[in-house]
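In: Next come a sequence and a model predicted from it.
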Amino acid sequence: MRRGAGDELLLFNGRDGEFSAQIETVGRSLATLRVRQLARAQGEEPDLWLAFALLKRDATDLVVQKATELGAAELHPVITARCNTHRMNADRLTAIAVEAAEQSERLTVPILHPPQPLASLLAGWPPERRLFTAIERSTAPGMPSARGSRGVLVGPEGGFAPAELDLLRAHSFVTSVSLGPHVLRAETACIAGLALLQAADCR
């Protein structure tokens with residue numbers, strides 16, 4: 001928005017790496033650029049998914065922003081019994097994810113799925129992908145050191161309803177975990193869960 005003809009910038013499309021480019025023309029709704037050379041090759045990223053109960057707008061915005069910075073490959077908003085809302089603005093959240101990817105110098109943008117009920121998420125979840133579910137006020141162990149395809153599920157403020165906990169326990173790919181001794185806000189739990197899940201790739 002603040003650049004003009006002759007300025008240089010970096011481009012990425014999520015597939016082919018990062019390229020240096022120069023702005024040739026700038027109009028009201030269109031700009032033309034000359035792509036020059038590869039500046040950074042596309043690297044392999046952790047295969048982390050985040051599933052989270054929909055929160056109020058500002059909290060959901062924060063979750064999408066920080067999940068992008070932490071390298072989540074896919075974001076799965078979930079509708080649960082204790083959700084504060086059942087709606088989200090996909091265009092707004094996609095724009096937040098793009099901006100967060102640019103800010104963190106990430107070369108991909110996470111896939112944002114439409115909201116779905118918890119039962120639908122579990123029915124369509126790949127059984128080979130472990131799903132670590134953050135359960136507050138439980139005696140579950142901490143996040144294990146896991147690699148490969150995996151995901152974390154965070155419930156709403158107030159936690160999962162008893163029937164939802166029974167549903168989660170019925171799936172063999174679900175592992176209950178604790179994120180620490182304190183009860184976290186849902187958006188904080190999303191950030192903490194992803195950070196702990198990502199830590200295995202840094203060891």
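Out: Perfect, I can see it now. Numbering: from 1, shown residues only.
In: Residue 168 and residue 96: what is the separation?
Out: Here the criterion is C-beta to C-beta, to the nearest Å. By it, residue 168 lies 28 Å from residue 96. For the C-beta atoms, the positions are set from N, CA and C on the backbone; glycine is no exception.
In: so who does residue 114 touch?
Out: Contact partners of residue 114, counting by C-beta atoms under 8 Å, 6 or more residues apart in numbering, are 77, 90.
In: Low-confidence bits of the protein, can you list those?
Out: Along the chain, the parts satisfying pLDDT under 70 run over 1, 6, 9-22, 24, 38-43, 200-203.
In: quick one, strands of it?
Out: Along the chain, counting by DSSP state E, strands occupy 8-12, 18-26, 31-40, 48-53, 74-79, 111-112, 116-117, 130-134, 150-154, 174-177.
In: now the ones you listed in a markdown table, with mean neighbour count and distance to residue 143?
Out: A markdown table is the format used below for those (neighbours: other C-beta atoms under 10 Å; distance: least, C-beta to C-beta, whole Å):
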| stretch | mean neighbour count | distance to residue 143 |
| --- | --- | --- |
| strand 8-12 | 14 | 30 |
| strand 18-26 | 14 | 31 |
| strand 31-40 | 12 | 30 |
| strand 48-53 | 26 | 12 |
| strand 74-79 | 21 | 18 |
| strand 111-112 | 17 | 23 |
| strand 116-117 | 16 | 24 |
| strand 130-134 | 22 | 6 |
| strand 150-154 | 26 | 8 |
| strand 174-177 | 17 | 5 |
